[in-house]
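Trainee: Build me a model from this:
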Amino acid sequence: MKMRPFGALVPWTTALGRVERAVEPISRSEEVDVVHAVGRVASRSYRSPISIPPFDRATWDGYAFRARSTRGATEKKPTRLRLVGEVFAEGGFQGSVGPGDAVAIATGGAMPPGTDGVIPFEEVRVERSALLLPRPVRVGERVARAGEDLRRGAALVRTGEVLSPAGVGALAITGHAAVSVWALPHVTVIPNGSELAEAGTRLGRGQIYESNGATLGAVIEASGGRASHVRAVPDDPRRIEGAIRRALSDSDLVLVTGGSSVGERDFLPTIFPRLGRVLFHGIAIRPGKPTLAVKVGRRVVIGMPGHPASCLSNAYWLVVPILRRLARLPGPAWTLQPIRLSESVDLPTSTFATVVPLEVLGGTGRPTFHDSSAITSLGGANAFAIWPADRPAPRRGSRLTAHVLLPPLGSVPVSLGN
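Mentor: Predicted structure coming up:
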């Protein structure tokens, strides 16, 4: 079995910086229904075409009247008003309400001309057609004035804003049925390796089920992208290169898993230079050393390790920031949190930085890693730390900074809810 040596390994910060500079944020936009727009990034700004509310309206079920008619009202000497009609939320009142008159009104109903105050039903005593009010009512009490919530021309959504439920609601209440958003980056995942079998098939001798495609697809969907999967390509350089070139025709980013190291059947190091400008091959980090990237025109192809834990580990710190840049999502996909280790990390001192997956609960972190080929090394992990090179392994009680993954990439440990 022939092996090739790695070239000069680059620090993980250098690798990330090179790929971040190489990718270009998505330039396509599309219109989506506002009801499906939450979490999308607005590609233009919106202002309100109307005032909200568009008219003075009641904020409580009760009676509307001229507030000055209630001056001096007390429990012992209540003000008497004459009931002259009613207003529902979808209707209005014909005519005007004079001094000493009142109208029954539903929440959201338009205040009749001449009225400027509302008292709840439950505070009023009714005697035949007369209403007895036990207290004075202020002008504007339980009334939302026209434009009190939003003035016409007020900013609703700004370009680059991630649409929240509140933002969607603001668009809907001002009459917008659709909103212009940046398109989701299209990312194709290409697993390669003759030993890979599709889920649902019977394993042959020496075969394993392909899992990196599903794992990376989940990372892509959770990071603002749209994932496409290619069936595992066998160890044939022509077929691997053909799959990559086809994916480049309609993808914003291509991820290839496996075949990235220096073994006899690791073909990506010979294929990538034919595609474009190689950004790096080999990162001084573990797990994840056999990673390479190439810029092809306006797009980037990243060759990821085949070991499941290495692949997912690299996805968190390398691919996720790239996906967020492509998708124009602001900020990182994690929060930085100081923690104390509940257990020692079994690491020899190394010239490589080390990604330490963690289960963080409160201010404590438990390391979960045990092998780069085992996906269970990241099972339960909702955070990671990058331990610097040339430092003794962190021991129980050590303090370090954890990158706590935000949902849906990370989840709250089950034990928190028990």
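Trainee: ok, which stretches of the stretch 51-200 of the chain are strands?
Mentor: Using DSSP state E, counting those that start in this stretch, the strands of the stretch 51-200 of the chain run over residues 57-58, 62-65, 79-87, 101-105, 117-120, 125-127, 130-133, 143-144, 155-157, 178-182, 186-191, 196-197.
Trainee: Lowest average pLDDT across the ones you listed?
Mentor: In terms of average pLDDT, strand 196-197 trails the rest of these, at a mean of 80.
Trainee: sorry, back to before: out of the strands of the stretch 51-200 of the chain, which one sits most buried?
Mentor: Burial of those is given as mean neighbour count (mean count of other Cβ atoms under 10 Å); strand 62-65 ranks first at a mean of 28. (Each C-beta comes from the backbone N, C-alpha and C, glycine too.)
Trainee: Pull the distance from that strand to the chain's centre.
Mentor: Shown here is strand 62-65, whose average C-alpha point lies 45 Å from the average C-alpha point of the whole chain (Cα atoms, centre = their mean, to the nearest Å).
Trainee: Okay, now the sheet partners of it, with direction.
Mentor: Strand 62-65 has the following strand partners under DSSP bridges: strand 101-105 (antiparallel), strand 117-120 (antiparallel).
Trainee: want to throw those strands into JSON lines with distance to Pro273?
Mentor: Rendered in JSON lines, the data for these read as follows (distance: least, Cβ to Cβ, whole Å):
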{"stretch": "strand 101-105", "distance to Pro273": "76"}
{"stretch": "strand 117-120", "distance to Pro273": "76"}
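Trainee: Which of the ones you listed sits closest to Val84?
Mentor: Each of the strands paired with strand 62-65 was checked against Val84 via Cβ to Cβ, and the shortest separation belongs to strand 101-105, namely 4.7 Å.
Trainee: mind checking how far that closest one is from the chain centre?
Mentor: Relative to the mean C-alpha coordinate of its chain, strand 101-105 is positioned 48 Å out (Cα atoms, centre = their mean).
Trainee: Low-confidence stretches in the stretch 251-400 of the chain?
Mentor: Residue ranges of the stretch 251-400 of the chain with pLDDT under 70: 261-265, 370-375, 377.
Trainee: Okay, helices next: where are they in it?
Mentor: Here the stretch 251-400 of the chain has its helices, by DSSP state H, counting those that start in this stretch, at 268-275, 308-314, 320-327.
Trainee: Output the shortest one as CSV, nothing but the C-alphas.
Mentor: Included here for helix 308-314 are C-alpha records, laid out as CSV according to Å, rounded to 0.1, in the frame of the first residue of the first chain:
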residue,chain,number,x,y,z
PRO,A,308,-17.4,10.2,11.2
ALA,A,309,-16.3,12.1,14.3
SER,A,310,-13.5,13.8,12.4
CYS,A,311,-16.0,14.8,9.7
LEU,A,312,-18.6,16.2,12.1
SER,A,313,-15.9,17.9,14.3
ASN,A,314,-14.5,19.7,11.2
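Trainee: will you turn the strands of the stretch 51-200 of the chain into a markdown table that also has distance to Pro394?
Mentor: Output for these, formatted as a markdown table (distance: least, Cβ to Cβ, whole Å):
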| stretch | distance to Pro394 |
| --- | --- |
| strand 57-58 | 61 |
| strand 62-65 | 64 |
| strand 79-87 | 68 |
| strand 101-105 | 66 |
| strand 117-120 | 62 |
| strand 125-127 | 73 |
| strand 130-133 | 71 |
| strand 143-144 | 57 |
| strand 155-157 | 44 |
| strand 178-182 | 40 |
| strand 186-191 | 33 |
| strand 196-197 | 35 |
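Trainee: Looking at the ones you listed, which is nearest to Val10?
Mentor: Counting by Cβ to Cβ, Val10 lies closest to strand 186-191 out of the strands of the stretch 51-200 of the chain; the figure is 23.0 Å.
Trainee: Parallel or antiparallel, list what pairs with that closest one.
Mentor: With DSSP bridges as the criterion, the sheet partners recorded for strand 186-191 are strand 226-229 (parallel), strand 253-257 (parallel).
Trainee: and among the ones you listed, the most buried is which?
Mentor: Among those, highest average neighbours (mean count of other Cβ under 10 Å) belong to strand 253-257, with a mean of 27.
Trainee: Helix, strand, or coil at Ala15?
Mentor: The three-state label for Ala15, taken from DSSP: H, G, I helix; E, B strand; the rest coil, comes out as helix.
Trainee: What count of nearby residues applies to Ser29?
Mentor: 13 (other Cβ atoms under 10 Å).
Trainee: what's it sitting at in phi/psi?
Mentor: According to degrees, to the nearest 10, the main-chain angles of Ser29 amount to phi -120, psi 160.
Trainee: ok, what's across the strand from it?
Mentor: Note on Ser29: beta-bridge partners Trp182, judged by DSSP bridges.
Trainee: Of all the strands of the stretch 51-200 of the chain, which one comes closest to Arg21?
Mentor: Comparing those by Cβ to Cβ, strand 186-191 comes nearest, at 18.5 Å.
Trainee: Give me the contacts around the closest one.
Mentor: The set of residues that contact strand 186-191 without belonging to it, under Cβ atoms under 8 Å, 6 or more residues apart in numbering, is 210, 212-213, 216-217, 220, 225-230, 232-233, 240, 243-244, 247, 250-258, 323.
Trainee: Compare the strands paired with strand 62-65 and give me the one nearest Val162.
Mentor: With Cβ to Cβ as the measure, strand 117-120 is the member of those nearest Val162 (37.7 Å).
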